[in-house]
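K.L.:
model this:
(4 chains)
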There are 2 protein chains.
Amino acid sequence: MSISAKAALLDEYALVARAVSAPARLMLLEQIAQGARGVEGLADKTGLTIANASQHLQTLRRAGLVTSRRDGKSVIYSLSDEKTLALMDLLRVLAERNLAQVEKILRGLSDGADAPEPISRDALAARITEGSVTILDIRPADEFELGHIPGAMNIALPDLDRFLSGFDTDAEIVAYCRGPYCIYAHQAVAALRKHGLNARRLEGGLPEWRADGREVATV
Amino acid sequence: MSISAKAALLDEYALVARAVSAPARLMLLEQIAQGARGVEGLADKTGLTIANASQHLQTLRRAGLVTSRRDGKSVIYSLSDEKTLALMDLLRVLAERNLAQVEKILRGLSDGADAPEPISRDALAARITEGSVTILDIRPADEFELGHIPGAMNIALPDLDRFLSGFDTDAEIVAYCRGPYCIYAHQAVAALRKHGLNARRLEGGLPEWRADGREVATV
DNA sequence: ATATCATTCAAGTTATTTATTGAATGTTAG
DNA sequence: CTAACATTCAATAAATAACTTGAATGATAT
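P.N.:
Numbers count the residues shown, from 1 in each chain, chains lettered A, B, ... in the order given. Down below sits the predicted model:
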């Protein structure tokens, strides 16, 4: 009993780890963290076929990382709780801390521009009450609609170029996107700074903002 | 660039997750957390062949979870830092929180005896200064020798029966073992309580005690 | 230098996992 | 009840990972 109990425990822990060991499932988790969605929506967003997305989602559900409920004809997936986000973030921290490769990739995104430290969510909240900051949500419009930081302006990355000249050179700009796995904000900040603007990334993205218990706008 | 950068990032995060997705590697990590060891020692402790252990260790090293240094003829592996422990613990928390299976396994270990809440490391440290507690280290002697909580008495699980009658019924007993993945302390507490003794588990094991920066005895 | 020892590498087999395809299930709307 | 739809299941081929065996490397000691 005792040896097999040990093996059974390790299997369960490994099951959770295996659930987050496939890039496709990390993409799905990132999307689900933006807001609950049905299988078809998630498959669209991640570029997976519906059957494949469904299988991956069931792997995530078996590991307890997401839950599903039926809503009419659709099955809606959402994150189980903030511990799922914590796991995703710990993976990122470990990867960035230990793997030179990751830093190289992220540096490549800035493409020559200097990248300042991201601003913390606490600090951004303070700036918002001062009214002294422009917030950019660099995600596709449909994700913005599922929830965004109050007062944020939605500019998807492909549209950013057209708006560059519209910003005040003195304005403090904070850009965010899906969260730690998302590179849109990195790229947006690089573009904004190349244009001489005072832009920084937000630490984390909308899911982390929401997990902090902060207000989220849905209009 | 941007799409492939995203994919490359997710691959790196998945690499870390995949490293902890095999039970054999979780066992190795648990052993390394007891104290740094060479490949042969780790292979012995985990029941893996040397070549197989070596391969797994390299997977862990590639993920940045462990580091290796050469010491004479041996290559000694140790945990990179406390973040590796944090990942292991988060896996456990997620598994226990979400998987009914885990609770069932752990309940089975108590085998009928009621299992009280574990005592925190802070609380144990306080009891130690009061001198009012008997600490049992339920690990094999060689792991005890690599480091243990000061004042702890080493009784490996197979030996416990012979000592049961020796304990004072009034004494407060705290048992610990390798850490969250280890079931020795669970089983020891069950045996002690069945014998009418006032025993509890320590939260976490020696690696967590050490990670807290607390004193560790090596004699 | 040579022998010895611990570890790593390489090749091959078996087992798991992934993505795809098409069918089956279960729900809603008429 | 039937049709339409979203999701899941089942079967397959392709890719990846695990374990074993035996050889190669690299460091130490004679």
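
K.L.:
can you name the next helix or strand after the one helix or strand residue A:104 maps to?
P.N.:
Residue A:104 is part of helix A:100-110, with elements assigned from DSSP states H and E. Once helix A:100-110 ends, the next helix or strand along the chain (criterion: DSSP H and E) is helix A:121-130.

K.L.:
pLDDT of that following helix, averaged?
P.N.:
Across helix A:121-130, the average pLDDT comes to 94.

K.L.:
that one - contacts with which helices or strands?
P.N.:
strand A:172-176 (3 or more C-beta pairs under 8 Å, 6 or more residues apart in numbering or on different chains; DSSP states H and E). The C-beta positions use only the backbone N, C-alpha and C, and glycine is treated the same way.

K.L.:
mind checking if the strand it packs on is in reach of chain B?
P.N.:
No: Strand A:172-176 stays clear of chain B (C-beta under 8 Å from any C-beta of the partner chain), getting no nearer than 14.8 Å.

K.L.:
what sits up against that strand?
P.N.:
Strand A:172-176 is contacted from outside by A:119, A:124, A:127, A:132-138, A:149, A:152, A:167, A:185, A:188-189, A:192, A:197-202, A:204-206, A:209, using C-beta atoms under 8 Å, 6 or more residues apart in numbering or on different chains.

K.L.:
hang on, the earlier thing: hmm, the helix holding residue A:104 touching chain B?
P.N.:
Yes: looking at helix A:100-110 against chain B by C-beta under 8 Å from any C-beta, the contacts come from A:101-102, A:105-106, A:108-109.

K.L.:
helices and strands around the worst-scoring helix or strand of chain A on mean pLDDT, which ones?
P.N.:
Least confident helix or strand, chain A: helix A:100-110 with a mean of 75, by mean pLDDT, DSSP states H and E. Helix A:100-110 sits against helix A:82-98, helix A:184-194, helix B:2-19, with contacts defined as 3+ C-beta pairs under 8 Å, 6+ apart.

K.L.:
give me the angle between the second one and helix B:2-19.
P.N.:
I take that to be helix A:184-194. 140 degrees (axes from the mean of the first three to the mean of the last three C-alpha atoms, to 10 degrees).

K.L.:
and helix A:184-194, what's buried?
P.N.:
Within helix A:184-194, the residues that count as buried by 16 or more other C-beta atoms under 10 Å in any protein chain shown are A:184-193.

K.L.:
please apply the same query to the longest one.
P.N.:
Of the residues in helix B:2-19, those with enough neighbours to count as buried (16+ other C-beta under 10 Å) are B:5-6, B:8-19.

K.L.:
mind saving the C-alpha coords of that helix as PDB?
P.N.:
Taking C-alpha atoms only, helix B:2-19 is exported to PDB below (Å, rounded to 0.1, in the frame of the first residue of the first chain):
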ATOM      1  CA  SER B   2       6.000  37.800 -33.500                       C
ATOM      2  CA  ILE B   3       4.100  34.600 -34.000                       C
ATOM      3  CA  SER B   4       7.200  32.500 -33.800                       C
ATOM      4  CA  ALA B   5       8.500  34.400 -30.800                       C
ATOM      5  CA  LYS B   6       5.200  33.600 -29.000                       C
ATOM      6  CA  ALA B   7       5.500  29.900 -29.900                       C
ATOM      7  CA  ALA B   8       9.200  29.900 -28.800                       C
ATOM      8  CA  LEU B   9       8.200  31.400 -25.400                       C
ATOM      9  CA  LEU B  10       5.400  28.900 -24.900                       C
ATOM     10  CA  ASP B  11       7.800  26.200 -25.700                       C
ATOM     11  CA  GLU B  12      10.200  27.300 -23.000                       C
ATOM     12  CA  TYR B  13       7.400  27.500 -20.400                       C
ATOM     13  CA  ALA B  14       6.200  24.100 -21.500                       C
ATOM     14  CA  LEU B  15       9.800  22.800 -21.100                       C
ATOM     15  CA  VAL B  16       9.800  23.700 -17.500                       C
ATOM     16  CA  ALA B  17       6.400  22.000 -17.000                       C
ATOM     17  CA  ARG B  18       7.400  18.900 -18.900                       C
ATOM     18  CA  ALA B  19      10.400  18.600 -16.600                       C
END
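
K.L.:
what sits against the closest residue to DNA strand D within chain A?
P.N.:
Per C-beta to the nearest atom of the strand, residue A:38 is where chain A lies closest to DNA strand D, at 2.7 Å. Listed by C-beta under 8 Å, 6+ apart, the contact set of residue A:38 reads A:71, A:74-77.

K.L.:
which among these count as buried?
P.N.:
A:75-77.

K.L.:
interface residues of chain A facing DNA strand D?
P.N.:
Contact residues, chain A versus DNA strand D (C-beta under 7 Å from any atom of the strand): A:38-41, A:50-51, A:54-55, A:57-58, A:68, A:73-76.

K.L.:
still on that earlier bit, reformat the buried residues of helix B:2-19 as TSV; add distance to residue A:88.
P.N.:
Shown next, in TSV, are those (distance: C-beta to C-beta, whole Å):
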residue	distance to residue A:88
B:5	18
B:6	15
B:8	17
B:9	12
B:10	11
B:11	15
B:12	13
B:13	8
B:14	11
B:15	14
B:16	11
B:17	9
B:18	15
B:19	16
